[in-house]
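Chemist: Okay, structure incoming, though there's no sequence with it:
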Ligand SMILES: Nc1ncnc2c1ncn2[C@@H]1O[C@H](COP(=O)(O)OP(=O)(O)O)[C@@H](O)[C@H]1O
Ligand SMILES: [Mg+2]
């Protein structure tokens, strides 16, 4: 495995994880330069999903999904395993092609057969449970390669953009390291910086903290919280109910390929109306209460 002279294996809990992630005073005037810069550059866009259907063979996975996310809004998508959450996210950036229904991102119908997929995908960043970093590239290279190849940016410009985003996720000191020299939380923050380096107008997160050691979950959620604060439109599949309650403008509960219930986070998580939502939340929030 490649190494660099100054590199040492990353250890969870190192100081760079303790960068302040929220303005200290609670006002935007106190935002860091990175946050001010972020505010100036995010041209957040909305998503409109109408009547979406998707089957794999005879498995009818998405059954007429309607979902709107307004520009700058944060929506958390929750629901049991197999309910279609990942498939829905993958249909939003056409990693899966829906059988019927439409997906519109920023007024641009991505399900139109004539759509330019490259242009559309450029505007939609996605972060996966497994970070999918290139193991043979440094942190900086992981954040520049797609900018070079897809956006045709010069090396100098790509590095400048990458450094801005590595600063945003608190990893400026790590740019010469390789992924296996970082903790899982740090790797996921690199994956977020990489996605942001493509100037997305919308970010999709598919269980971004599910593969992490518990002690590194918080640093990734902190980065996401900060992104939400600076106005990024975010659609987040997560089991982190504390995060959803605090950060999401809205929570959508899916089960069996349909939206069962949606509303403000405090209402859906704190006072769910549907029995299926109540059962799911009881299992997630009180896992030790389940009788076998
Ligand atoms: N590429 C695929 N091929 C066949 N079946 C799939 C594929 N992707 C997902 N599925 C099926 O679709 C259903 C929903 O999966 P998924 O969207 O991953 O759910 P979730 O993310 O909510 O756990 C599952 O039954 C899963 O097996
Ligand atoms: Mg999934």
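Modeler: All right, it came through fine. Just so we're clear, the structure is a prediction, and the values are computed from it rather than from any experiment. Ligands and ions are numbered 1, 2, ... in the order given.
Chemist: contacting residues around residue 289?
Modeler: Under the criterion of CB atoms under 8 Å, 6 or more residues apart in numbering, the contact list for residue 289 reads residue 282. Quick note: C-beta positions are derived from backbone N, CA and C, even for glycine.
Chemist: Now do it, the pLDDT please.
Modeler: Note on residue 289: pLDDT of 78.
Chemist: what does residue 24 give?
Modeler: According to the prediction, residue 24 has pLDDT 33.
Chemist: Kindly report the same for the one 3 residues further on.
Modeler: In the prediction, the pLDDT value recorded for residue 27 is 38.
Chemist: residue ranges of the helices in the stretch 101-250 of the chain, please?
Modeler: 117-122, 139-149, 155-168, 184-196, 214-229, 241-247 (DSSP state H, counting those that start in this stretch).
Chemist: Dump the ones you listed into TSV; add mean pLDDT, distance to residue 275 and mean neighbour count as well.
Modeler: TSV is the format used below for the helices of the stretch 101-250 of the chain (pLDDT from 0 to 100; distance: least, CB to CB, whole Å; neighbours: other CB atoms under 10 Å):
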stretch	mean pLDDT	distance to residue 275	mean neighbour count
helix 117-122	80	38	14
helix 139-149	97	44	21
helix 155-168	97	42	19
helix 184-196	97	34	26
helix 214-229	94	29	20
helix 241-247	94	18	18
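Chemist: and of those helices, who's closest to ligand 1?
Modeler: Among the helices of the stretch 101-250 of the chain, the nearest to ligand 1 by CB to the nearest ligand atom is helix 241-247 (15.2 Å).
Chemist: Mind giving me the packing neighbours of the closest one?
Modeler: Under the contact criterion of 3 or more CB pairs under 8 Å, 6 or more residues apart in numbering; DSSP states H and E, helix 241-247 touches strand 74-78, helix 214-229, helix 265-270, helix 275-285.
Chemist: the inter-axis angle of the last one versus strand 74-78?
Modeler: In this structure, helix 275-285 runs at an angle of 90 degrees to strand 74-78, with axes from the mean of the first three to the mean of the last three CA atoms, to 10 degrees as the basis.
Chemist: which helices and strands does helix 275-285 pack with?
Modeler: helix 241-247, strand 250-255, strand 258-264.
Chemist: How far away from the center of its chain is it?
Modeler: Between the centre of helix 275-285 and the centre of its host chain there is 23 Å, according to CA atoms, centre = their mean, to the nearest Å.
Chemist: and it with strand 250-255, angle?
Modeler: Computed by the same axes, to 10 degrees, the angle separating helix 275-285 from strand 250-255 equals 100 degrees.
Chemist: is helix 275-285 anywhere near ligand 1?
Modeler: No - interface with ligand 1: helix 275-285 contributes nothing (CB under 6 Å from any ligand atom), its closest point being 11.5 Å away.
Chemist: pLDDT averaged over that helix - what is it?
Modeler: The average of the pLDDT scores along helix 275-285 is 94.
Chemist: Of all the residues in it, which ones are buried?
Modeler: Neighbour-count burial for helix 275-285, counted by 16 or more other CB atoms under 10 Å, picks out 276, 277, 280, 281.
Chemist: looking only at pLDDT, what's the mean for stretch 201-212?
Modeler: 95.
Chemist: got the end-to-end distance for it?
Modeler: Distance across stretch 201-212, first residue to last, is 26 Å (CA to CA, to the nearest Å).
Chemist: can you check stretch 189-204 too?
Modeler: 14 Å.
Chemist: Could you give the separation of it from the chain centroid?
Modeler: Centroid displacement of stretch 189-204 relative to its chain, using CA atoms, centre = their mean, is 8 Å.
Chemist: Do any residues in that stretch lie close to ligand 1?
Modeler: No - applying CB under 6 Å from any ligand atom, one finds stretch 189-204 separated from ligand 1 by no less than 12.2 Å.
Chemist: Let's have the helices and strands packed on helix 275-285 in TSV, adding distance to ligand 1.
Modeler: Shown next, in TSV, are these (distance: least, CB to the nearest ligand atom, whole Å):
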stretch	distance to ligand 1
helix 241-247	15
strand 250-255	7
strand 258-264	12
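Chemist: and the stretch 51-200 of the chain, which of its residues are near ligand 1?
Modeler: 56, 59, 61, 79, 81, 82, 83, 84, 85, 86, 87.
Chemist: If any of those are buried, put those into a ChimeraX selection.
Modeler: Applying 16+ other CB under 10 Å to those, the buried members can be selected in ChimeraX as follows:
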select :61,79,83,84,85,86,87
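Chemist: and the residues of the stretch 51-200 of the chain next to ligand 1 as JSON lines, adding pLDDT and secondary structure?
Modeler: Listed next are these as JSON lines, based on pLDDT from 0 to 100; DSSP: H, G, I helix; E, B strand; the rest coil:
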{"residue": "56", "pLDDT": "97", "secondary structure": "strand"}
{"residue": "59", "pLDDT": "97", "secondary structure": "strand"}
{"residue": "61", "pLDDT": "98", "secondary structure": "strand"}
{"residue": "79", "pLDDT": "97", "secondary structure": "coil"}
{"residue": "81", "pLDDT": "96", "secondary structure": "coil"}
{"residue": "82", "pLDDT": "96", "secondary structure": "coil"}
{"residue": "83", "pLDDT": "97", "secondary structure": "coil"}
{"residue": "84", "pLDDT": "98", "secondary structure": "coil"}
{"residue": "85", "pLDDT": "98", "secondary structure": "helix"}
{"residue": "86", "pLDDT": "97", "secondary structure": "helix"}
{"residue": "87", "pLDDT": "98", "secondary structure": "helix"}
